[in-house]
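Student: Sequence and predicted structure, then a few things I'm wondering about:
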Amino acid sequence: MNLKALCASHSRMKTLMIKTGQREAFVDISKQVNAIVKEASLSAGICVVFCPHTTAGLTINECADPAVVLDMKKALGEIVAEGSQWQHLEGNSPAHVKASLMGSSVLLPMVGNALKLGRWQGVFLCEFDGPRERELWVSVVS
Amino acid sequence: MNLKALCASHSRMKTLMIKTGQREAFVDISKQVNAIVKEASLSAGICVVFCPHTTAGLTINECADPAVVLDMKKALGEIVAEGSQWQHLEGNSPAHVKASLMGSSVLLPMVGNALKLGRWQGVFLCEFDGPRERELWVSVVS
Amino acid sequence: MNLKALCASHSRMKTLMIKTGQREAFVDISKQVNAIVKEASLSAGICVVFCPHTTAGLTINECADPAVVLDMKKALGEIVAEGSQWQHLEGNSPAHVKASLMGSSVLLPMVGNALKLGRWQGVFLCEFDGPRERELWVSVVS
């Protein structure tokens, strides 16, 4: 294997499928992402999770108390008013706005072949237009 | 070429110039970024687009229906009230806030020497204090 | 040193400790991050700063006029109302929401062994539930 192939192999991408059960939901995907990272051959690097959808996003926040992400869902509902007049005819413009407010990717440090997050942190798929089956693309860069 | 030079060459940075035509505009830059990525020598990795400005940002959202980003512009106008009293004397504090809400960079997966985005996704330069000529810095990490 | 070790060494992670003096504060950490980057052996790449906390975030915005981040603090206070009824009993739900709005990481381009930011840009730790001592994890990927 030559140098270029070795370096390229560091960034192979894996797909994670997540079913969301409600119109809006914050789904803790930390365990699933960690399982993918553990399979990777690098013992250090940065894990990138990318959301290829436009009415769902990704964020990192507290996973210890599930009330935190319920409050986040409520707060976003107050920040982006459902009742505004929108030009996009599908009626899900607030979902698009919330997706951009959360962001389409997260960066997760790795140490010793595992994710290294803060004590209270979890990685959340933020569903704003479900229920759906969503896919996420997980890569590792070194 | 030694090892270090090879690895360093993976992250060379290219500049993309974008003219924005209005005070606020979401400009789809997907094609321009993809053209830069196609020139890069790596066939896989993660593309990083960085916005070096403080009253413009970057986001990924739907590019199929242009109404989506018009709704996003409208929503951000409601989220950050123009009429508040600001300490920053230039009068563009809402533009600074919106830039941070969107973020200063996006991560874009690559496969086979091209960006790999979701079906409905485009990459947008979010102009909040134009019209101006903005520059973006595009890198690839593997 | 073999190839794998060389590549892994590119992403070693360093910890930066920052004391915040108020409940809410935007602390410019550009100099401290730059000092870490200058110690790194790579002359190009992308610096990743990660915040392992759930009531603090990171953003990039104007550092020239300190009024800009004061306005940002005020705007976020209007965006996320303190007076709402929250389920999370610690009473700091607005801090969690603001942390996700800003984001848990920033990507910073590097050139010639130093951060390369836009003319007016600084990197800010966004404290929403201080005063505390916070830690940040700084990595370089190439």
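Tutor: Okay, I see it.
Student: what's next to the lengthiest helix in chain A, contact-wise?
Tutor: The longest helix of chain A (DSSP state H) is helix A:67-79. Under the contact criterion CB atoms under 8 Å, 6 or more residues apart in numbering or on different chains, helix A:67-79 has outside partners A:24-26, A:59, A:61-62, A:98, A:101, A:124, A:128, B:79, C:54, C:79-81, C:84, C:86-89, C:93-94, C:96-97, C:100. In this view, the C-beta of every residue, glycine as well, is placed from N, C-alpha and C.
Student: mind checking the longest strand of chain A?
Tutor: Secondary structure of chain A per DSSP state E: the longest strand is strand A:133-141.
Student: List the buried residues for that one?
Tutor: With burial defined by 16 or more other CB atoms under 10 Å in any protein chain shown, the residues of strand A:133-141 counted as buried are A:Arg134, A:Leu136, A:Trp137, A:Val138, A:Ser139, A:Val140, A:Val141.
Student: same check, this time on stretch A:76-93
Tutor: Residues of stretch A:76-93 classed as buried by neighbour count (16+ other CB under 10 Å): A:Leu76, A:Ile79, A:Val80, A:Trp86, A:His88, A:Asn92, A:Ser93.
Student: now these as JSON lines including pLDDT and distance to C:Lys38?
Tutor: JSON lines is the format used below for these (pLDDT from 0 to 100; distance: CB to CB, whole Å):
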{"residue": "A:Leu76", "pLDDT": "98", "distance to C:Lys38": "39"}
{"residue": "A:Ile79", "pLDDT": "97", "distance to C:Lys38": "39"}
{"residue": "A:Val80", "pLDDT": "96", "distance to C:Lys38": "41"}
{"residue": "A:Trp86", "pLDDT": "95", "distance to C:Lys38": "48"}
{"residue": "A:His88", "pLDDT": "95", "distance to C:Lys38": "47"}
{"residue": "A:Asn92", "pLDDT": "97", "distance to C:Lys38": "46"}
{"residue": "A:Ser93", "pLDDT": "97", "distance to C:Lys38": "45"}
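Student: ok, for the residue of chain A found nearest chain C, nearest residue in space, not its chain neighbours?
Tutor: Among the residues of chain A, A:Gly118 lies closest to chain C, at 2.8 Å counting by CB to the nearest CB. Leaving out its chain neighbours, the residue that sits closest to A:Gly118 by CB to CB, 6 or more residues apart in numbering or on different chains is C:Pro52, at 2.8 Å.
Student: and if you look at A:Met102?
Tutor: Distances taken as CB to CB, 6+ apart place A:Gly57 nearest to A:Met102, at 3.3 Å, with adjacent residues excluded.
Student: Quick check: the gap between the one you found and A:Arg134.
Tutor: Per CB to CB, to the nearest Å, A:Gly57 is found 10 Å from A:Arg134.
Student: Give the intersection of the neighbour lists for the two.
Tutor: Contact criterion CB under 8 Å, 6+ apart; residues bridging A:Gly57 and A:Arg134 by contacting each: A:Cys51.
Student: tell me which strands and helices the helix or strand containing A:Leu58 is in contact with?
Tutor: Under the criterion of DSSP states H and E, A:Leu58 resides in strand A:56-62. Strand A:56-62 is packed against helix A:67-79, helix A:93-102, strand A:105-111, strand A:121-127, helix C:93-102, with contacts defined by 3 or more CB pairs under 8 Å, 6 or more residues apart in numbering or on different chains; DSSP states H and E.
Student: Identify the residues contacting the fourth one?
Tutor: Counting by CB under 8 Å, 6+ apart, strand A:121-127 makes contact with A:18, A:20, A:22-30, A:33, A:49, A:51, A:56-63, A:69, A:98-99, A:102, A:106, A:108, A:115, A:117, A:134, A:136, C:52-54, C:104, all of which sit outside it.
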